[in-house]
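Enquirer: A predicted structure for the sequence below; I have some questions about it.
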Amino acid sequence: MLKVENLKVEVEGKEILHGVSLEVPDGEVHVLMGPNGSGKSTLLMAIMGFSGYRVTEGRILFNGEDITDLPLHERARRGLGIAFQRPPVVKGIKTRHLLGICLNKGEIKPLTKDTKEKIEALAEEMNCKPFLDREVNAGLSGGEVKRSELMQLLAQDPKMVLLDEPESGVDLENIALLGKAINSLLGRGLEPNGITPLKEKKERRKRSALVITHTGHILNYLFSDRGYVMMKGRIVCQGNPREILRTVEKYGYQECVKCLR
Amino acid sequence: MSSVTDQKDKLLMVGIDTEEKERSATFIQEEDRVVSCGVKQEGVELLPVKKALEKGYGEYLWGALEKDPQYEGFSNGYFIRSEPGAKPVFPVQACLYIAKEGSVQHVHNIVVADENSELHVITGCTSGTKRGTHIGVSEFYVKKGALLHFTMIHAWGDEIETYPKTAVVVEEGGTFISDYICMHPGKAIKMYPTVYLKGAGATARFQSVLVAVPGASMDIGSRVYLSGENTRAEIISRAVSVGGEIIARGHLIGEVPGVKAHLECRGLLLDPKGRIHAIPELEGKAIDLEMTHEAAVGKIDREEVEYLMARGMTEDDAVSSIVRGFLNVEIMGLPEPLKRELDEIISKSNEDAL
Ligand SMILES: Nc1ncnc2c1ncn2[C@@H]1O[C@H](COP(=O)(O)OP(=O)(O)OP(=O)(O)O)[C@@H](O)[C@H]1O
Ligand SMILES: [Mg+2]
């Protein structure tokens, strides 16, 4: 699904990633851990193609296609979706409107009855109904922001999702709910509401994900296949995500450096 | 030269529906000539202003504005009145049109929303030529408990000069709402309509949407005198420059204790060659009044654009959506063709920026 080869990325003239390689196969969920400022978000932003993240070396392959130089919206239309760590408030645009655009693959067009129904169903599933008619991300709580991001992703129907710290700013009780929502997005585990049809779930199961977590909390709720540790712009360790997390919790991130050597 | 009658599309741009489907009355004047003046619904009176003056409505001439010799030689204009208690469902539409190259159109308009009535007027000003002059004096009267909703759309030819002068008097419990949209100011436009909230509990609300293309220059403001007890006013303007110049003014004058008013001028610069100058003014002449203002001029936020692009929108669509959201045109119920043109102007400015 996604292959990153020796990626070097500059932000404001400074090299932040010094040659990152990883591969996420179809239907797998990989987790990226690492201390603050290690370059986790930078990697996601570069994969998605945001301006300000300049790839100076290496390439990004998505389903075999080199997307390193594709514009952001083209990557989205190819099936890459992202949930932001701290999304901006988009003034003057309602969440409902944006959701319609997501369902229409980025096109602005009048909503069909079918699309309108899907909007309602998604809002129901992700518990976002109360703020569907507010401006995007305006005045939302930490948990609401995350649910709104996941709802938009579901509407986009991506092949692969990039999640940047889905649990940050969410209290423990809501992390469980969020974990369920992510599992639902990825067609794994129990349904949060039991309304997703089995066929739909099977489709979702084909999705891949690259999930950033700083604390690792989300691992308790998420079915994940592989984990990485990033430090100072390099991937220094990879393996079973739960084992990595146990080591990190016990000895701190320093231990991961030794492990690869 | 093109006559107003074969300008259906142009009229649609300024909200004038020649098929009169959802309109209670229609007035169209080309240069000095009244082309159309007819009422379809009860409770509305519509006359060429000269006829109205003959009929005995003389008290309304220079009743809101101080008599100005410079503006006396008007050729005609519209007189619109809603009868006491009347609530016509559809708006009255009025169009002032300049057809001949270099001609001067001088009108004097009067609108009266009589006691406890509700009146919505849509006026569109446009031209079939490039050069010309429009002198327009307007006097509005909102009587006790009445509501006047006035929507005005300006879409002039490139070299049209416009000199409007407007005053509104609002009596006890009356409400005046102004929605103004200007995308084609012509050569230059300078306008500063003034509302006098005289009666207790009277309210005024201005909402203006200004879009300046390269070469355009507009100086547009709204002024409200709050002189009645418990009067309220709100002035909101949204200005977008894609290369032109906009001066957005607002002036609130609180004359008695206890009044409340708010002024908001926000500007968005889409082109570095453009200029937006927001001049909000607050003037308090009594203690214990609440007047606030908010002004901001800036450029579009890259982060917001890319957020939308990450959902699959093209850069063009993302920028247009944000600008449209900023202008808040949905609320005003902009005519469809004008919306499309607005989108075109915005997306063209994106190309220039890239
Ligand atoms: N816009 C920017 N300008 C300058 N430096 C930046 C910018 N964005 C990121 N950086 C720097 O790049 C490095 C990596 O940042 P990044 O946000 O990718 O880290 P992170 O691993 O996601 O951290 P966190 O766990 O705090 O989210 C940091 O040193 C950061 O200061
Ligand atoms: Mg981060």
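Expert: Thanks, I have the structure now. Ligands and ions are numbered 1, 2, ... in the order given.
Enquirer: ok, now which ones touch the residue lying closest to B:Lys87 once chain neighbours are set aside?
Expert: Nearest non-adjacent residue to B:Lys87, counting by CB to CB, 6 or more residues apart in numbering or on different chains: B:Glu118, 4.5 Å away. The C-beta positions use only the backbone N, C-alpha and C, and glycine is treated the same way. The contact partners of B:Glu118, by CB atoms under 8 Å, 6 or more residues apart in numbering or on different chains, come to B:Ser82, B:Ala86, B:Lys87, B:Pro88, B:Ala146, B:Leu147, B:His149.
Enquirer: Can you pull the phi/psi pair for B:Glu118?
Expert: Comment: the main-chain dihedrals of B:Glu118 come out as phi -130, psi 130, following degrees, to the nearest 10.
Enquirer: tell me the pLDDT at it?
Expert: Here the pLDDT value assigned to B:Glu118 is 96.
Enquirer: ok, now how distant is it from ligand 1?
Expert: Computed with CB to the nearest ligand atom, to the nearest Å, the distance linking B:Glu118 and ligand 1 is 53 Å.
Enquirer: got it, and A:Glu249?
Expert: For A:Glu249 relative to ligand 1 (CB to the nearest ligand atom), the value is 16 Å.
Enquirer: if I've got this straight, that residue is in a helix?
Expert: Yes: according to DSSP: H, G, I helix; E, B strand; the rest coil, the state of A:Glu249 is that of a helix.
Enquirer: which residues of the stretch 51-200 of chain A fall in strands?
Expert: For the stretch 51-200 of chain A, applying DSSP state E, counting those that start in this stretch gives strands covering A:54-62, A:65-66, A:80-83, A:90-94, A:135-136, A:160-164.
Enquirer: Mind checking those for the one nearest to ligand 1?
Expert: Each of the strands of the stretch 51-200 of chain A was checked against ligand 1 via CB to the nearest ligand atom, and the shortest separation belongs to strand A:160-164, namely 7.3 Å.
Enquirer: got a list of contacts for that closest one?
Expert: Under the criterion CB under 8 Å, 6+ apart, external residues in contact with strand A:160-164 comprise A:1-2, A:24, A:40-41, A:44, A:47-48, A:62, A:79-85, A:153, A:182, A:185-186, A:207-212.
Enquirer: Give me the sheet partners of it and which way each runs.
Expert: Each strand that pairs with strand A:160-164, with its direction, by DSSP bridges: strand A:80-83 (parallel), strand A:208-212 (parallel).
Enquirer: And for B:Leu11, the neighbour number?
Expert: One way to gauge burial is a neighbour count; for B:Leu11, by other CB atoms under 10 Å in any protein chain shown, it gives 22.
Enquirer: could you point out the longest helix in chain B?
Expert: The helix that spans the most residues within chain B, counting by DSSP state H, is helix B:336-353.
Enquirer: So for it, mean pLDDT?
Expert: Per-residue pLDDT over helix B:336-353 has a mean of 70.
Enquirer: circling back to that earlier point, nearest to ligand 1 among the contacts of B:Glu118?
Expert: Nearest to ligand 1 among these: B:His149, at 47.1 Å, using CB to the nearest ligand atom.
Enquirer: What score does the closest one have for pLDDT?
Expert: Listed pLDDT for B:His149 reads 96.
Enquirer: secondary structure element for the residue of the stretch 151-261 of chain A found nearest ligand 1?
Expert: Evaluated by CB to the nearest ligand atom, the stretch 151-261 of chain A has A:His214 as its residue closest to ligand 1, separated by 4.5 Å. Following DSSP states H and E, there is no helix or strand that holds A:His214.
Enquirer: which ones are touching it?
Expert: By CB under 8 Å, 6+ apart, A:His214 lies in contact with A:Met33, A:Gly34, A:Pro35, A:Asn36, A:Lys40, A:Glu165, A:Ser168.
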